[in-house]
Each structure stands twice: as structure tokens, then as C-alpha cells.
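Participant: model this:
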Amino acid sequence: MDSTKTTASQTTQHVRSFQRSKILGGIVAVTLALGVPTLAAAPAQADTVATAAVTADSGRTVGTTEATNTVPDPTQCTYGAKEKFHEATGLYPAFKGNAYEWADTAAATGWTTVLDAQARSIVVFQPGVQGSDAMYGHVAWVDSIEQHPDGLYINITELNGVAGPGQWGTRQVKDVPGMSYILAP
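Facilitator: Residues are numbered from 1 along each chain as shown. Have a look, this model is predicted:
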């Protein structure tokens, strides 16, 4: 039998397979163009899942995520902020570095960051702002915001803040320059 000959059956199968590939590719392209989130299998043995920035219905983008909370010390504010984010969204964001670096890291990995206080976000305090650590800054979860006569206040849940080392606490803080927000989808 000559291996260079193609049967009608093989040609038909190839054409059908090619047509299915074109249709599937078109569906994926349209889905991505419309900003519809798609599901994909997580890569095996990966700590970080690279995702394309997907815009949620809220207008907030979903950036790069991790399979677990990778902050090595569960008593730090960064660990607590990731846990609260996960509790609210089911996602672990892939933010790295000290607390004061998180807004830049978040923006660089596809997350929405803003200067205006918003609920369902992580607040990033630059070093020394509102009592945060003078070297590392601080991060906390924003539960809600309130307008007062003297300005906007945020109600936060934090780890390793005013409640003490490794302790959870809540407090209300005035929104001032030196604070930024990473928005949860």
C-alpha cells in the first residue's frame, strides 16, 4: 500500500477536524474580544497562574493569581490581606514584595488600582502613613467606606496592625494621601 495516497475518508476527516478547529478558534476569539471570562485548567505544579487581565462585570480587572497564599509568614499583614481577598473572591492575587510595594505589583500584574477609597479592596499604606510601619508600610482589607463631615473613612480588617503582632483587628481610618487601593473583582 502506498502511504502517499489519501483516501476519501481520510480527506473528509481532515476537513471536519480543520473546520472544528476554525469554529473553536472563532468562539475563543469572540469570547476574548467581548471580555467574557473563560475557564481554563490550572497548570500542574505551578504556584502562579498567569492569567490575561479579565474585566469583571464590576469593571474591575482580574490579574495574575496564585493557587495558594504564598506569603511565608502567616502573622504578617500581607498574609492577612491575601486571606481576606480570597475569602471575598475565591482568588489569591499574585502580589509580591513588602506591603508598600503591593499597589505597583498589582498594577503590573493586571489588577485595577486606584487612589480613591473603595470597599472590597486592599488598602496599601505607604511607609509611615496612618501609623503604618516606617519601613514596610501596611496592607489591610477594606470592608466598607463612610463619608464624614471631615472626609472619607475606611473600615478595615487587618492582621498585624494596631491589635498587635500576629493579631487580627478592625478599625476606622481616614483616607489620606499615601493610601491606594487594589480592587477585588
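
Participant: contacts and neighbour counts: CA atoms only from here.
Facilitator: OK.

Participant: And the next helix or strand past the top strand by length along the chain?
Facilitator: Counting by DSSP state E, the longest strand found in the chain is strand 138-148. Using DSSP states H and E, the helix or strand that follows strand 138-148 towards the C-terminus is strand 151-159.

Participant: what about the residue nearest to residue 168 when sequence neighbours are not counted, neighbour count?
Facilitator: Distances taken as CA to CA, 6 or more residues apart in numbering put residue 159 closest to residue 168, at 4.4 Å, once the chain neighbours are dropped. Neighbourhood size, residue 159 [other CA atoms under 10 Å]: 27.

Participant: what does the one 5 residues further on give?
Facilitator: Using other CA under 10 Å, residue 164 is surrounded by 10 other residues.

Participant: likewise residue 110?
Facilitator: 20.

Participant: That one is in contact with residue 61, isn't it?
Facilitator: Yes. Assessed by CA atoms under 8 Å, residue 110 is found in contact with residue 61 at 6.7 Å.

Participant: related to what we said a few turns ago, please tell me I have it right and the residue nearest to residue 168 contacts residue 141.
Facilitator: No. Using CA under 8 Å as the test, residue 159 is too far from residue 141 to be in contact (9.2 Å).

Participant: So for those two, which residues contact both of them?
Facilitator: Counting by CA atoms under 8 Å, 6 or more residues apart in numbering, the common neighbours of residue 159 and residue 141 are residue 81.

Participant: The chain - how does it break down into domains?
Facilitator: As given by automatic domain parsing, the domain ranges for the chain are 1-36, 48-183.

Participant: Comparing those domains, which comes out most buried?
Facilitator: Using mean count of other CA atoms under 10 Å, the stretch among the domains of the chain with the largest mean neighbour count is domain 48-183, at a mean of 19.

Participant: so where's this structure shaky on pLDDT?
Facilitator: Counting by pLDDT under 70, the chain contains low-confidence ranges at 1-58.

Participant: who's in contact with the helix or strand where residue 88 lies?
Facilitator: Assigned by DSSP H and E, residue 88 belongs to helix 77-89. Helix 77-89 is contacted by residues 69-74, 91-93, 98-99, 120-122, 138-141, 158-161, 184-185 when judged by CA under 8 Å, 6+ apart.

Participant: Okay, helices next: where are they in the chain?
Facilitator: Using DSSP state H, the helices found in the chain span residues 8-33, 77-89, 102-108.

Participant: list the contacts for the residue nearest to residue 168?
Facilitator: Counting by CA under 8 Å, 6+ apart, residue 159 has contacts 75-81, 140, 165-169.
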